[in-house]
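Enquirer: Predicted coordinates and the sequence they were generated for:
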Amino acid sequence: MTETMVLEKVRAFITENFLYMRPDFRLTDEDRLLERRILDSMAVMELITFLKDEFGVSVPERDIREANLGSLKEIARYVVGARAGARGG
């Protein structure tokens with residue numbers, strides 16, 4: 001699965017679950033999800049559950065940080081990397 005595919009699935013999840021009351025909000029790949037108040041701490045936990053259910057990626061506590069989950073682009077990169085690591089490649 002490519003970063004683009006992951007990014008679009010994550011975008012759809014976030015839009016459907018956290019931006020449904022803000023239909024005019026334009027979410028870019030680089031938007032800082034916490035800083036722009038798109039996600040809060042509870043939403044991050046929902047996102048982590050989604051990543052496990054949708055992509056089979058468990059996010060250990062040490063990886064719950066802005067560098068991995070701060071934007072759509074970073075989430076996609078993290079998921080693809082975690083999936084590759086799980087396959088040993």
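Expert: Cool, the structure landed. What you see is a predicted model; the values in this text were computed from it and never measured.
Enquirer: gap between the residue nearest to the spatial centre of the chain and residue 56?
Expert: For the chain, the residue nearest the mean C-alpha position is residue 75 (4.2 Å; C-alpha atoms, centre = their mean). Separation of residue 75 from residue 56 (C-beta to C-beta, to the nearest Å) stands at 15 Å. Backbone N, C-alpha and C define where each C-beta goes, glycine included.
Enquirer: got it, and residue 27?
Expert: Distance, residue 27 to residue 56, by C-beta to C-beta: 24 Å.
Enquirer: Am I right that the residue nearest to the centre of the chain is in contact with residue 8?
Expert: No - between residue 75 and residue 8 there is no contact under C-beta atoms under 8 Å: 11.4 Å.
Enquirer: would you list every one of the helices in the protein?
Expert: 3-18, 41-55, 66-69, 72-86 (DSSP state H).
Enquirer: Please identify the most buried of those.
Expert: helix 72-86 (a mean of 18; mean count of other C-beta atoms under 10 Å).
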